[in-house]
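*Asks:* with the sequence up front, the predicted model follows.
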Amino acid sequence: MTEATQQSRKEKRRSKKIHLCHCCGREFQFCWNCRCGFSICQECMYENEWGMTCNGITWECPDCSAQNGFGNQ
Ligand SMILES: [Zn+2]
Ligand SMILES: [Zn+2]
């Protein structure tokens, strides 16, 4: 109702950043992220690995086709 209430509820800690998986729509503390804002969780990445990566070193963003490296977050 009041502005003060909304401001005080602003996030206090940034350590627990939640990512929304664009594939399954669930929230995760860890997701593979692309610079364009696309996120995919470990589970979906594993399921779609055959279509996301061809070498196991980089994965291709389905949104912008950028190459992103594994383990380089
Ligand atoms: Zn997912
Ligand atoms: Zn992208």
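*Replies:* Done, it's in. Ligands and ions are numbered 1, 2, ... in the order given.
*Asks:* identify the residues contacting Q29.
*Replies:* Counting by CB atoms under 8 Å, 6 or more residues apart in numbering, Q29 touches K16, K17, I18, H19. Using the backbone N, CA and C atoms, a C-beta is placed for each residue, glycine as well.
*Asks:* distance check, it against C21.
*Replies:* Q29 sits 11 Å away from C21, going by CB to CB, to the nearest Å.
*Asks:* please narrow the contacts of Q29 to those residing in strands.
*Replies:* Counting by DSSP state E, the contacts of Q29 place H19 in strands.
*Asks:* in JSON lines, list the contacts of Q29 along with neighbour count.
*Replies:* Shown next, in JSON lines, are the contacts of Q29 (neighbours: other CB atoms under 10 Å):
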{"residue": "K16", "neighbour count": "8"}
{"residue": "K17", "neighbour count": "10"}
{"residue": "I18", "neighbour count": "10"}
{"residue": "H19", "neighbour count": "16"}
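*Asks:* tell me the one of the contacts of Q29 nearest ligand 1?
*Replies:* Proximity of the contacts of Q29 to ligand 1 (CB to the ion) peaks at H19, which lies at 9.7 Å.
*Asks:* can you get me a residue count around G56?
*Replies:* By other CB atoms under 10 Å, 8 other residues sit near G56.
*Asks:* leaving out the residues flanking it, which one is nearest to it?
*Replies:* Nearest residue to G56 in three dimensions, chain neighbours excluded: F70, at 7.1 Å (CB to CB, 6 or more residues apart in numbering).
*Asks:* which residues touch that neighbour?
*Replies:* By CB under 8 Å, 6+ apart, the neighbours of F70 are W32, T53, G56, I57, T58, W59.
*Asks:* which non-adjacent residue is nearest the second one?
*Replies:* Residue nearest to T53 in three dimensions, not counting chain neighbours: W59, with 4.4 Å by CB to CB, 6+ apart.
*Asks:* great, nothing more from me.
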